[in-house]
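[1] how would this look folded up:
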Amino acid sequence: MRETPRPQGTAGESRAEPPQPRPGCALAHTTGASGSGTPHRSDGRPPHTPRGARHTDPGGRLGTTPPVPGRPALSPRLLPLVLCTLFLTLITWQVAARGPLRALDERLDRAVVGDGPAALTELLADLGNMQVALPVLAAAAAYALHRRRRTQALAAVLAMALVPALVAPLKALTGRAGPLTAETGYYPSGHAATAMVAYFCAALLVSRRLMPVAALLTAATGIGLVLRGYHWPLDVLGSWFLCGALLLAGSLLVSSSRRRRSSAGTPSRRTGPS
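    The predicted structure is shown next:
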């Protein structure tokens, strides 16, 4: 069967030409056109999310635009809290398991117990008594309330109230006897914890310039407790790391509360000395 020949144009007619683009229409597969694989904008500006501008992750895979951030790093504000927690865990484990660190601690204590003037070391140890430390904290809290720093005063009082709640379980867990007695419940030191929280909180409430004084009083209390034979050195160190974590956590909570109030539009008023 023969095919029917297609009609040919006459001599007077012009040859058929490729279709011409109509005005106002974009070509389908030209650079920058829709469907060509290259995004375009009618005003000539670069696209918002060009494919060529996508970043790749370390594995070479295409990321999103903007690039997805990597794994968040540990905040510098959290690092001291993490370190205090780690050292507290290590010391508690060594004391409870009778590890080599506990044996070294006991040898060191036997070498220094009884050193120094008895009256002075007793005075230093008494700095951790409730009758001495609590009035200092109460006076600082009253000053903070007078300066309308209620949140800080409440946080300091709460931190002191948490000291026995945190110390008592560790005493029951370890059951450590004292240097000069067979009675147990000496780790961690409650006197060292009381002194640290009271004096550091008082310094935070009154003036940060008093922080060196708080550190000196805390260290003096620990030295007096060890030299008088009331506690082993690790009892004091464990309390310091425990209370350090407590104070750092409280400071972070207070700072977070301030930022929330500031973001909510509450004006922050500086009512106390720096």
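
[2] make it CA atoms for all contacts and neighbour counts henceforth
    OK.

[3] where do the helices sit along the stretch 51-200 of the chain?
    79-97, 100-112, 118-125, 130-146, 150-174, 190-206 (DSSP state H, counting those that start in this stretch).

[4] Helix 190-206 and the longest one, what's the angle between them?
    The reference is to helix 150-174. Counting by axes from the mean of the first three to the mean of the last three C-alpha atoms, to 10 degrees, helix 150-174 lies at 170 degrees to helix 190-206.

[5] Any buried residues in helix 150-174, and which?
    Neighbour counts over helix 150-174 (16 or more other C-alpha atoms under 10 Å) mark 152-153, 155-157, 159-160, 163, 166-168, 170-171, 174 as buried.

[6] got the angle between that helix and helix 79-97?
    20 degrees.

[7] Now Phe87. Nearest residue, chain neighbours left out?
    What sits nearest to Phe87 in space, not counting adjacent residues and going by C-alpha to C-alpha, 6 or more residues apart in numbering, is Phe241, at 6.8 Å.

[8] ok, back up a step: can you add distance to Asp115 and give the buried residues of helix 150-174 back as JSON lines?
    Compiled in JSON lines, those are given as follows (distance: C-alpha to C-alpha, whole Å):
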{"residue": "Gln152", "distance to Asp115": "39"}
{"residue": "Ala153", "distance to Asp115": "39"}
{"residue": "Ala155", "distance to Asp115": "38"}
{"residue": "Ala156", "distance to Asp115": "35"}
{"residue": "Val157", "distance to Asp115": "35"}
{"residue": "Ala159", "distance to Asp115": "33"}
{"residue": "Met160", "distance to Asp115": "31"}
{"residue": "Val163", "distance to Asp115": "29"}
{"residue": "Leu166", "distance to Asp115": "31"}
{"residue": "Val167", "distance to Asp115": "27"}
{"residue": "Ala168", "distance to Asp115": "29"}
{"residue": "Leu170", "distance to Asp115": "28"}
{"residue": "Lys171", "distance to Asp115": "26"}
{"residue": "Thr174", "distance to Asp115": "27"}
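
[9] As a markdown table, the residues you listed with distance to Ala103 and pLDDT would be great.
    Formatted as a markdown table, those follow (distance: C-alpha to C-alpha, whole Å; pLDDT from 0 to 100):
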| residue | distance to Ala103 | pLDDT |
| --- | --- | --- |
| Gln152 | 41 | 90 |
| Ala153 | 41 | 93 |
| Ala155 | 37 | 91 |
| Ala156 | 36 | 93 |
| Val157 | 36 | 94 |
| Ala159 | 32 | 94 |
| Met160 | 31 | 96 |
| Val163 | 27 | 96 |
| Leu166 | 25 | 95 |
| Val167 | 22 | 96 |
| Ala168 | 23 | 95 |
| Leu170 | 19 | 95 |
| Lys171 | 18 | 96 |
| Thr174 | 15 | 94 |
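
[10] Hmm, Cys201 and Ala156 touching each other?
    Yes. Ala156 lies in contact with Cys201 (C-alpha atoms under 8 Å); the separation is 5.7 Å.
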